[in-house]
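Peer 1: Give me a model of this one.
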Amino acid sequence: MYSYYVLHRSDLLNNNGDLSHHVFVLSDPDDVRRAVVAMRELDADEPAADPFRLRVHENGRFVAAHDLCAATDGPAGDGDPAGLAIPPLTGTPLPPGHPVRVDGMTLAYGCTAL
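Peer 2: Residues are numbered from 1 along each chain as shown. A predicted model of the protein is given here:
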């Protein structure tokens, strides 16, 4: 079993309340930071519907959840990813290209838009 992060963000698509969901499955803390910064840049004009939610999976099992909203809206929210406190993974990191089951869905390593 592998260790990995699941980063989730929902965004409003239009004034009708339609949502898009971006789910990142990653195993490198720096990749998580880059994904947060990239998504923040996309939301510059429109705030997201939900904060960033980070779930940590160790050896294939969920172990912790973190709301990254405070970290992305505070001093570290200026686009500097170094300020995001991402807990280190223990165990074998999920290799790029390897799928995982998350909330009943099979997701590939990287970003999935739903």
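Peer 1: got the contact list for residue 91?
Peer 2: 1, 2, 3, 58, 59 (CB atoms under 8 Å, 6 or more residues apart in numbering). Placement of C-beta: from N, CA and C, glycine included.
Peer 1: Can you report how many residues neighbour the spatially closest residue to the first one that is not a sequence neighbour?
Peer 2: Closest residue to residue 1 apart from its sequence neighbours, by CB to CB, 6 or more residues apart in numbering: residue 60 at 3.3 Å. Neighbour count of residue 60, defined by other CB atoms under 10 Å: 14.
Peer 1: Could you pick out the buried ones from the contacts of residue 91?
Peer 2: Neighbour counting with 16 or more other CB atoms under 10 Å marks 2, 3, 58 as buried within these.
Peer 1: show me what contacts the residue nearest to the first one when sequence neighbours are not counted?
Peer 2: Same thing as residue 2. Among residues not flanking residue 2 along the chain, residue 94 sits closest, at 3.9 Å (CB to CB, 6+ apart). Contacts for residue 94 (CB under 8 Å, 6+ apart) come out as 2, 3, 4, 25, 26, 27, 100, 109.
Peer 1: Tell me the one among those residues nearest to residue 90.
Peer 2: residue 3 (6.3 Å; CB to CB).
Peer 1: Touching, the closest one and residue 95? I think so.
Peer 2: No - at 11.1 Å, residue 3 and residue 95 do not qualify as touching, with contact defined as CB atoms under 8 Å.
Peer 1: and for the two, which residues touch both?
Peer 2: Common neighbours of residue 3 and residue 95 (CB under 8 Å, 6+ apart) are residue 27.
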